[in-house]
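Q: starting from these lines, generate the structure:
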Amino acid sequence: MRISYNSPVILTLTIVCVGILFLDSLLAGTVIRSFFTVYPSFSFVNPLDYLRIFSHALGHANWTHLLSNFTFILLLGPILEEKYGSKPLLVMMFVTASITGVLNVLFFSTGLLGASGIVFMLIILSSITNIQKGEIPLTFILISALFLGKEVLDAFKADNVSQFAHVIGGVCGGVFGLNYTRKNKTE
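A: The predicted model follows:
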């Protein structure tokens, strides 16, 4: 029996994020602050600001933050990568990170880092994978209500968590899932 690299997008994302946090630990926190955090002070002339719009999903505040995100990513990601394919899942993750980055710049005065928007995209996407024509899975409704409802309520807490990124990630997952289902039904 041999070990297989069964989910290239998810495993590569995991390795990259662990490597970034490890390098950041060695360099006194300068790497994530410089390249993997999107800031509200976006400059149209700074190329790094464009990179940070999506690269923020690769940076994490600490090992606990990374582990809490990758517990879900490693659980759900391989199943979704098998269902949707590596390239479509990579596109979904890139679009989700970009949308959360842009919206954070536009509407918030705080920085943003971490893959939690992608986590919520995967959670909602996984609840809609077995949708049938003319039906909405009850699991999709319940997961959306539980996970996203909790994030809306938690938005009123004073913490360093971007519930907005969670909600936007969940919305992206729902849109991707419904769009993928509709596209495959018409083919």
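
Q: where does the prediction get shaky in the protein?
A: By pLDDT under 70, the low-scoring segments of the chain are 133, 154-162, 181-187.

Q: centroid-nearest residue for it?
A: residue 118 (1.2 Å; C-alpha atoms, centre = their mean).

Q: name the SS class of it, please.
A: For residue 118, the assignment made with DSSP: H, G, I helix; E, B strand; the rest coil gives helix.

Q: ok, so what distance separates it from residue 44?
A: Distance, residue 118 to residue 44, by C-beta to C-beta, to the nearest Å: 26 Å. (Each C-beta comes from the backbone N, C-alpha and C, glycine too.)

Q: one more: residue 179?
A: Residue 179 sits 30 Å away from residue 44, going by C-beta to C-beta.

Q: who's more crowded, the two?
A: The neighbour count for residue 179 versus residue 44, taken as other C-beta atoms under 10 Å, is higher for residue 179 (11 against 6).

Q: confirm that the more buried one sits in a helix.
A: Yes - going by three-state DSSP, the assignment for residue 179 places it inside a helix.

Q: and residue 34, how far from residue 148?
A: Taking C-beta to C-beta, one finds residue 34 at 32 Å from residue 148.

Q: wait, residue 3
A: According to C-beta to C-beta, residue 3 and residue 148 sit 36 Å apart.

Q: do residue 142 as well
A: According to C-beta to C-beta, residue 142 and residue 148 sit 11 Å apart.

Q: ok so, going back, which ones are touching the residue nearest to the centre of the chain?
A: Contacts for residue 118 (C-beta atoms under 8 Å, 6 or more residues apart in numbering) come out as 57, 69, 73, 93, 96-97, 169.

Q: swap in residue 34?
A: Counting by C-beta under 8 Å, 6+ apart, residue 34 has contacts residue 48.

Q: do that again at 10 Å, thanks
A: With contacts defined as C-beta atoms under 10 Å, 6 or more residues apart in numbering, the neighbours of residue 34 are 24, 27, 48, 52, 59.

Q: from residue 39, how far out is the residue nearest to residue 40 when sequence neighbours are not counted?
A: Nearest non-adjacent residue to residue 40, counting by C-beta to C-beta, 6 or more residues apart in numbering: residue 109, 5.0 Å away. Residue 109 is 10 Å from residue 39, where distance means C-beta to C-beta.
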